[in-house]
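Undergrad: build me a structure from this.
(chains A, B, C, D and E)
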Amino acid sequence: MIEASFISYISLAILLFSIGIMGLISRKNIFIIYMSIELMLNAINIIFVTLSKYFGSMDGQIIAMMVMAIAASEAAIFLSLIVAMYRLKHSVNIDDFNTLKQKDTL
Amino acid sequence: MIDTIFLILSLFALAGAIGMITLSNTMHSALSFLVTVFAIAGLYALLNASFLFMVQIIIYAGAIIALLLFIVMFLNIKEDKLKEPNRYNIMLVVAIILAPVDYLLFQAFLKMPHIGDFSTTLDNFGDVKMLGNELFKGWLVPFEAISVLLLVALIGSIVLARKKERE
Amino acid sequence: MDIGLLSFIIFLPLIVSFILLVLPVGMKITRNIAFVTTIIVFLLSLSIFFKFQLTDYMQFREFHPWISSYGIYYSLGVDGFSMIILMLITTLIPLGYLFLWKTKKSKGYWASMLLIQTGVTGALLSLDLVLFYFFWESMLLPVFMIIGIYGTGNRIFSTLKITIYTIMGSLFMLVSILYLGVAFYNEFGVWSFQLSDLVQITTLSNFERTLLFFGFMIAFAIKIPLFPFHTWLMQTYSNSPTGGVFILSAIMAKLGIYGIVRFVLPLFPHQYVEFAPYFVGLGVFGLIYFGIAALMQQNIKRMFAYSSASHLAFITAGIFSLNAYGMTGAAFLIVAHAMATGGLFLLTGTIEYDLGIRSISGLGGIAKKAPFLTVAFALMLLCIVGLPGTNGFVSELLIIFGLFEYNHYVGVISALTVLVAASFMFWLFQRAILVKTDNDVSKMKDLDIKEIVGIFGLAAVIIAMGLYPHWFLYKIEPTIQHYLVDILKVGIGS
Amino acid sequence: MRYSEIVYLLPLLTIALGAVVLMVLSTIKKLDIKKLSWITLAFLLIAFGLNALNFGYIYSVLPFSHTLSSMIVTDTFAGYFSSIIIAGGIVTVLVGSHYFDKSNMLRGEVFSLLLFSLFGMMLLVETDELFTSFIALEIASISLYVLIGFQKNSEQRVEGSFRYLILGSVSSIMLLLGTALLYGATKSTNIVQIAKYISAHSSMDMTLVITGGTLILITFLFKVAAFPFQNWSMDVYEAAPLPITAFMASTFKVAIFGFILRFVLIDFQELKNIWSDILFYIAILTMLYGSFMAVFQKSLTRMLASSSIVHTGYLLIAFVSINSIGESAATSIIFYLIAYFLSSMGAFGMLSYIASDDQLRVTYEDFRGFAHIRPYMAAMMSIFMLSLAGIPSTIGFIGKFYIFIGAIEAGYTTLALVGILATFVSVYYYFKLIALMYFYPSSEMTNVPSLKGIPPLIIAVMALLIVWGGIGNTLISYFPGIDFLIDTAKFAYQSLF
Amino acid sequence: MNSSLLAWIILIPFISSFVLGALYLYSISIKKINDTIFTFLAILAPITSFLIGVAFFLSLKNGATDYMYEPYTWLGVNGYIISMGFLGDKLSIFMVLFVTFIGSTIHVYAAGYMKGDEGYGKFFSYFNLFMASMLLLVLANSPIIMFIGWEGVGLCSYLLIGFYFTEPLNVVAGNKAFIVNRVGDLGFIIGLVIMFFYVGKLGFDYYALEDYISLVPTSILTIIGIALFVGAMGKSAQIPLYVWLPDAMAGPTPVSALIHAATMVTAGVYMVARFHFLYDLIPHVGEFMAYIGAFSALFAAIIAMRQTDIKKILAYSTISQLGYMFIAVGLGAYSTGLFHVFTHAFFKALLFMGAGAVIIAVGHEQNIFKMGGLRKKLPLVYSVMLIATLAISGIPPFSGFFSKDEILLKAYRHHEYLIYGIGLFTAALTAYYMFRLFFVTFHGKNYKQKEMHYLSWSMKAPLLVLAFGATVAGFVGLPEVFSQTNLIDEWLKAYSGGALHVEHTTEIMFMGISVVVGLAGIVVAYVKYFKYDFNKEIQESGIVYNKFYIDEVYHFIFVRGIQKLSRFISVDVDDGVIDKAVMSLCGGFINMGRRIGRMQCANTRVYAFFMLLGISSFSLYLILKLG
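TA: Predicted coordinates:
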């Protein structure tokens, strides 16, 4: 039987992950969307670290650490794109960016 | 004891996360996210990942969110412009749709075969030495790949954020 | 690696066409070389005709691995049935060239014509189903080009229509071919798409066979075309340039029939027999339906389109009559109809070239200006009508025999063919060619010497085949009997 | 440690080195796009050559397995996909150099990013460790995000880039989550280890493994733009500069398939059937959606984008058909990828070459009467269209033939029929272009680049390859034909085990 | 004698036709050729054929057996063989003789009639083609070969009716003739096919058919008999397929004489006689045939009474006379029918040629009421026309009397009193309308003095020859009462249907009745028309003049009906239903695409939502699948 504490960590991760998705879809603000994605990454990190503890192996922690590095690099791209977008439209509303909408629809 | 700390930390994490996605001001939600990050860092500590605890605080709180806040302030965004009246409805819908996903994930972990042990750990588990050892022995390829990734991100952000292209 | 006669026949036009396309030569040289090529191909096929032995075996076999991982072979062969169509193709094409001689089309036109020839002969001679499909689809492209580039009217629409229509049909056939291949693999453990191999499949259930049968039949029914897949035909014919419609009507439609006999019959003899009543019915119905529809057409090519559809439906009825008369008659009518319809389209093309008119009401009084054309037109028309003394009669008579043997009532109804074609054809002849009207036909010129040689050569063959059909038929007799064996087996089995 | 094993890593390293070198060089103002493209090409050709060293036989090596912890596997499969990927890079550089040169927004970093992206893709197909796959995917994706949004004063480019970034990140996260689940289930992230665990514990509950695998599958489905994860692709393809679109549509898809095939074939051979029902419908819906989108498009880019969704559908047919009996389906994917690569790369490349001068939104109408101005280019374009439509005498036909036969062999005749339906619809939108090019008198489209230089040549080579791959050989013995391609695909497949 | 000469009888006119046609095409498009060459080539052919025919005749007369010549296998399918074969027996040689003889005379006549015509060469090409086809029809040794000739004559008829093809009416008439004939041919083919399947497999020449026909059940035989008779109806212009013949008069007069009076139209009679072995077995069909013939005779005669066009009158009289022939063959008296064919050929050809001469003379006017008083102007024509009119009216000793009388007698003896009555009544009508024509044309006053055209000798000579024939032809078939040997019955013994012995007094009584009836008709005509006042404006009208509106009814039912159907099929069904269905399927697909295209709304969150849905459905699927 799985220990209760283990499951509670996992549950927390799942909850955070879900909140991340909720934020992603419900919010128009690109910053918040970005943070939702970061939150999801964090949630997965919790899973990895929990598993690491559970297995008594360092692999999970190493992965979590590297995920942070990836998050950082994504942050760089995200933020620079946000800057570029803001320069173009002076808006952080993601719904304002819809030039690629399908034309010729009924 | 540990359970209490876990409970408090996870409550903070959840509250911060919920605050992040509900607060309408970018700055507020970023700060709310900061709470989550710190709570998660605490959880890492609880999970014997002492090095990660630091890394989490340094990278997330120190770098990413700081950068984010900096840019928010730099761009000087007027939050009043964004009207998101039905965001709670959407959240509700998304939550309902997410239910099977969560159920599945939860169920999967519940049914997980019992191959590990959560209570007993090595003393030095999660410290820098062990982590570094393991990192360079077993995870060289991802490590190098991450360096490439960071390089790409570097070039990318330069390219994207550079003010003018070619004179 | 030796290259056989059949390969030469198939690929010579292709090679010449590519060389001509790449070389910076003008239209005239392209045309002349193309013509010479077709003549060479004609001579080669003539040698096949004379070397052909009176058996039901596939002759002049060529067999080389192509995609060996799937047992796909480059496999060619000729039997009586394909030989007669091969002769037809190789004879008609140079003849058509004589008529297309003066068209001021670019060299792409002639190159496409050569490509079409490769496609049709390839499809005709392949014995591997994938190879057949390969050629079957490939021949569509040059036709697509010819109609699209050189056609008139709403040509782009009709080009897309014919392409999509026919590809739809052939894709169903492709699935059926693949299904057969897999069935063969499952049964025998090796891949093969050889016709002679695929006929040995025993594991397929009746239901599967029926579906596959219809998979094939849709492809061929669209190509022929049978009711109700015919609507592309009318538009395409009326918008096509002469060469395109000549090829479409005289040759490609016949390949649909050929495909049924070559592939559907041996592969699905049970279904062939089982569904024969429906196809005979469809054929006879089509004969009358299209025949009546042809009567009131205003566009001359559209009328011929209906006329062709009518005859092709009749041929279809013939091949489904399950006896030697119907089969032989169908084979013969394929030839007869190809010649006559081809000739008519060429002549119509001449009229159109001189006058630029396609509507019947815009013509009239041509006979006085162009007696040779009129005579040739009349001869072709008589063949279409099935007048005794032309091969049209022999074939129609045989099909009626066949249908009568199949079912007395159907046979009697099918005899209406003597009436159907005559009614609209003579009316057309009256209105478009003979009777003088107020229309200005002063620009009409008579046939020149090349065309006269071509068309009267054709007419001579038509009459020769009408007066002495046996000389042309005895070579395909063993083949027909061979096909009948398949049908007889069904009779024994059931 | 055998140093000779470095040979297997050389292509990857060459690409990485090239990327770094170009990064440095791009800061030098004196080097213009042309020169940089030559340098890039040199690196790519070297990498291609090094990759080709091991061509033609079955091998499977874990180079420096101790140091690298067996995380990199170089086998025929990887070599096959690497070749396509590098070739994609070469074609992109050759075809795109004209475009990059003409569109004065792009700078030298493009090549560096392109090589980084190639590096990521190659790593993706050469790694047998899931987390490394995730990183590789991120490298490739992030490079692409940047490449798409490179011209950041163009609204649509930035928008496309950002959309792709958000959705792509979410999909990558699914891969990461899936990795986490698999790690939780098997205590390892190595594909081979996971496979061993699965076969050793087949009696145990596999929910976690399957859920993890499903999440990875979702990432895959997103990246190849399968229904319902397809929406991004049309927007992004339209937004991106055309050479980048070509690169994404063909090369990236190849890399993703390389990754998922390795993962599924090694780990999920037995568990795969659990997905067959849902993948069955996904394949159908993907094809239908793509067909529905493609039929009414006016823009060629969007049409090709939607048609690439359809092609994903075909590939999914084969993906569904993978089962224990026969190797047709798996091999057919491998084969079809090369067919699709050639055709779509050619089509997009041609588009980018034509559009490079005036930066038009290339529509059907722009091609009206094109054949009369540029007959050879029109002929090549026709060949690409025919190949995409799967008309015989092009490699596209052989690819489809392969896919459908695999599907029928596995008992998915329905899928083959839907595939046929989609093909038949596709004839409409591909032939419409040919019709427009040939059947109208030449239009006023004057500003078309002439047939000069390398890009058209490379496109012509691809056109020839397409025809060659569709006809193969019967006349000349020992000259590689279709069988050669099929055998290569089979070797690649066999080297996995 | 070499039987291969049989083929030459056909081949000579055929070759002649071909050469003439080629020369004609050469002449009109490249270099003009003198008409004399055409004339020479044209006339040579029938005469040569005639001479060969005579040789065969003599040989047969001297007791030679039937000649059979089969040069090659025409068709061999499924082991059954149909040969291209010719049969020279008494019947066919008899037909050959009179066809070639009449043909030759008409050729000569035509040389004069067509002089200077633009299509001179073409005319003779067609004419010789007709001769060849007719001879093939006659000489064929199997029904299929006969059918080749059968259709060949139909084609020539079409070509010659539409000889002046620039005039719409001529071509329309030609088409009508061809199509109506084709309706008959439909019957012929059906009969042929059925026959082939029941007996043809044992051999398909007449001998074999005769041997094995009895194996066929009577019901089938009835069908075959009726089907073949439908063919004969078409060719021989019987009710209801007679409508083409009056219109066929649009062709040049020699055509009417040769084809539509003397030879082709009798092909039906010949065919029935040829299949006597069949019809002998099914007398009820024969009776039906006889009734059809009788009614045709009556019907045509009634119409002829009110016609004004000289050629139309003759055309209806032809139908009427053909009706007589069918009475005879229907009752099994084939030789009698053929006897009437024989005599009819002479006097009808003569009538037509005379009419042609009149038409030429008055400058192509065909309305008899616009002629009048031509006796003085055209004495020769007048006299030969008188002979012919008397012959057709059944006045002894002219030829028509004997044959017609024999038919009536046969009808009476077969106890077909109704037929007999109709025949007798028709005889009276015939005399009436023929003399009406005669009186109106030649007597009376010609109030319009017109320039008379000159008649060449090549036109006059055949008139004399045929006049002689019309006078004496009857003597080859003298009734028993006058002569012991009925030459026709003797020669065609196999076809005589058994001799009918009649009391001499009865026979004479019947002759008397016939003569009286004929004279009565003449008297009525004399009273009404001999002194006809031409100053009265003649306005013939009424139902009879309009031929009972049969043409209009046919036109409405068949032509209009089919045209409507055609338009319905091509416009309403093909374009309106089938094509529309196909196109709306395609259009619907594209519109569906446009609708679904809304999903590409370029909203990231929506896309993410779709993704979420996908993930969620995957999860649901797995939950369900894994339990």
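Undergrad: please make it C-alpha for all contacts and neighbour counts, starting now.
TA: Fine.
Undergrad: A:Ile10 - how many residues pack around it?
TA: A:Ile10 has 23 neighbours, counted by other C-alpha atoms under 10 Å in any protein chain shown.
Undergrad: sec struct for it, please.
TA: Assigned with DSSP: H, G, I helix; E, B strand; the rest coil, A:Ile10 falls in the helix class.
Undergrad: okay, it and D:Val264: tell me how far apart.
TA: 26 Å (C-alpha to C-alpha, to the nearest Å).
Undergrad: one more: D:Ala255?
TA: 14 Å.
Undergrad: looking at these two, which is more packed in?
TA: Legend: neighbour count by other C-alpha under 10 Å for D:Ala255 and D:Val264, higher for D:Ala255 (29 against 20).
Undergrad: quick check: closest non-adjacent residue to that one.
TA: Closest residue in space to D:Ala255, ignoring its immediate chain neighbours: D:Met121 at 5.5 Å, by C-alpha to C-alpha, 6 or more residues apart in numbering or on different chains.
Undergrad: quick check, that neighbour in a helix?
TA: Yes. D:Met121 forms part of a helix when assessed by three-state DSSP.
Undergrad: residue in the stretch 51-200 of chain E with the shortest distance to chain D?
TA: Nearest residue of the stretch 51-200 of chain E to chain D (C-alpha to the nearest C-alpha) works out as E:Val77 at 39.4 Å.
Undergrad: so that residue is in contact with C:Ala324, correct?
TA: Yes. If you go by C-alpha atoms under 8 Å, E:Val77 and C:Ala324 touch, sitting 6.8 Å apart.
Undergrad: contact partners for B:Asp3?
TA: By C-alpha atoms under 8 Å, 6 or more residues apart in numbering or on different chains, the contact list for B:Asp3 reads A:Ser5.
Undergrad: again, only using 7 Å
TA: B:Asp3 is in contact with no residue at all, counting by C-alpha atoms under 7 Å, 6 or more residues apart in numbering or on different chains.
Undergrad: what about it, which helix or strand?
TA: helix B:2-22 (DSSP states H and E).
Undergrad: quick check: next helix or strand after that helix?
TA: Later in the chain than helix B:2-22, the nearest helix or strand by DSSP H and E is helix B:26-46.
Undergrad: pLDDT below threshold where in the stretch 151-300 of chain E?
TA: Judged by pLDDT under 70, the stretch 151-300 of chain E has no weakly predicted residues.
Undergrad: and residue 7, how many neighbours?
TA: In the absence of a named chain, chain A is used. Neighbours of A:Ile7 (other C-alpha under 10 Å): 16.
Undergrad: hm, I was asking about chain C
TA: Using other C-alpha under 10 Å as the criterion, the residues surrounding C:Ser7 number 20.
Undergrad: which secondary structure element contains it?
TA: helix C:5-22.
Undergrad: which residues touch that helix?
TA: Helix C:5-22 is contacted by residues C:30, C:37, C:41, C:44, C:111, C:114-115, C:117-118, C:121-122 when judged by C-alpha under 7 Å, 6+ apart.
Undergrad: now do the helices in chain B.
TA: Secondary structure of chain B (DSSP state H): helices at B:2-22, B:26-46, B:50-55, B:65-75, B:87-110, B:128-138, B:140-161.
Undergrad: mean pLDDT for these - can I get that in a markdown table?
TA: As requested, the helices of chain B are exported to a markdown table (pLDDT from 0 to 100):
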| stretch | mean pLDDT |
| --- | --- |
| helix B:2-22 | 88 |
| helix B:26-46 | 89 |
| helix B:50-55 | 87 |
| helix B:65-75 | 85 |
| helix B:87-110 | 88 |
| helix B:128-138 | 84 |
| helix B:140-161 | 88 |
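Undergrad: format those helices as TSV; extra columns: distance to D:Ser154.
TA: TSV is the format used below for the helices of chain B (distance: least, C-alpha to C-alpha, whole Å):
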stretch	distance to D:Ser154
helix B:2-22	30
helix B:26-46	26
helix B:50-55	37
helix B:65-75	19
helix B:87-110	30
helix B:128-138	42
helix B:140-161	12
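Undergrad: what about those, which gets the closest to E:Ile395?
TA: helix B:87-110 (111.7 Å; C-alpha to C-alpha).
Undergrad: give me the angle between that closest one and helix B:2-22.
TA: 140 degrees (axes from the mean of the first three to the mean of the last three C-alpha atoms, to 10 degrees).
Undergrad: what's helix B:87-110 packed up against?
TA: helix A:4-26, helix D:207-223, helix E:604-626 (3 or more C-alpha pairs under 7 Å, 6 or more residues apart in numbering or on different chains; DSSP states H and E).
Undergrad: hmm, who's touching that helix?
TA: Against helix B:87-110 from outside (C-alpha under 7 Å, 6+ apart): A:2, A:11, A:14, A:18, A:22, A:26-27, D:207-208, E:613, E:616, E:619-620, E:623.
Undergrad: closest residue of the stretch 251-400 of chain E to chain C?
TA: Closest point on the stretch 251-400 of chain E to chain C, by C-alpha to the nearest C-alpha, is E:Gly251, at 14.9 Å.
Undergrad: which residue, other than its chain neighbours, is closest to that residue?
TA: Closest residue to E:Gly251 apart from its sequence neighbours, by C-alpha to C-alpha, 6+ apart: E:Ile161 at 3.9 Å.
Undergrad: walk me through the domains of chain B.
TA: Residue ranges for the domains of chain B, per automatic domain parsing: B:2-126, B:127-167.
Undergrad: now do the same end-to-end measure for the first one.
TA: I take that to be domain B:2-126. 17 Å.
Undergrad: and it, how far from the chain's centre?
TA: Remark: domain B:2-126 is offset 6 Å from the chain centroid, using C-alpha atoms, centre = their mean, to the nearest Å.
Undergrad: could you do stretch D:146-159 as well?
TA: With C-alpha atoms, centre = their mean, you get 22 Å for stretch D:146-159.
Undergrad: any idea how far apart the tips of it sit?
TA: 12 Å.
Undergrad: quick revisit: any chance of the domains of chain B in JSON lines, with distance to E:Ile310 too?
TA: Shown next, in JSON lines, are those (distance: least, C-alpha to C-alpha, whole Å):
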{"stretch": "domain B:2-126", "distance to E:Ile310": "98"}
{"stretch": "domain B:127-167", "distance to E:Ile310": "103"}
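Undergrad: closest to E:Met325 out of those?
TA: Closest among the domains of chain B, once you apply C-alpha to C-alpha, is domain B:2-126, at 96.3 Å.
Undergrad: how far off helix B:65-75 does the lengthiest helix in chain A point, in degrees?
TA: Using DSSP H to define each element, chain A has its longest helix at helix A:59-89. Per the same axes, to 10 degrees, the angle that helix A:59-89 makes with helix B:65-75 is 0 degrees.
Undergrad: for helix A:59-89, packing partners?
TA: helix A:30-55, helix B:140-161, helix D:155-186.
Undergrad: rerun that using 6 Å as the cut-off
TA: helix A:30-55, helix B:140-161 (3 or more C-alpha pairs under 6 Å, 6 or more residues apart in numbering or on different chains; DSSP states H and E).
Undergrad: let me see the mean pLDDT of it.
TA: Here helix A:59-89 scores 88 as its mean pLDDT.
Undergrad: then stretch C:416-430?
TA: 84.
Undergrad: so the residue nearest to D:Ile39 when sequence neighbours are not counted versus B:Leu160, what's the distance?
TA: In space, and not counting its chain neighbours, D:Ile39 is closest to D:Leu22: 7.9 Å by C-alpha to C-alpha, 6+ apart. Distance, D:Leu22 to B:Leu160, by C-alpha to C-alpha: 18 Å.
Undergrad: so between these two, which is more surrounded?
TA: Just comparing D:Leu22 and B:Leu160: by other C-alpha under 10 Å the higher neighbour count belongs to B:Leu160, 29 against 24.
Undergrad: is C:Arg25 in a helix, a strand, or coil?
TA: Small correction: residue C:25 is Val, not Arg. Relying on three-state DSSP, one would call C:Val25 coil.
Undergrad: what about the closest residue to chain E within chain B, how many neighbours?
TA: For chain B, the residue closest to chain E is B:Val101, as judged by C-alpha to the nearest C-alpha, at 5.3 Å. Residues lying near B:Val101 (other C-alpha under 10 Å) number 24.
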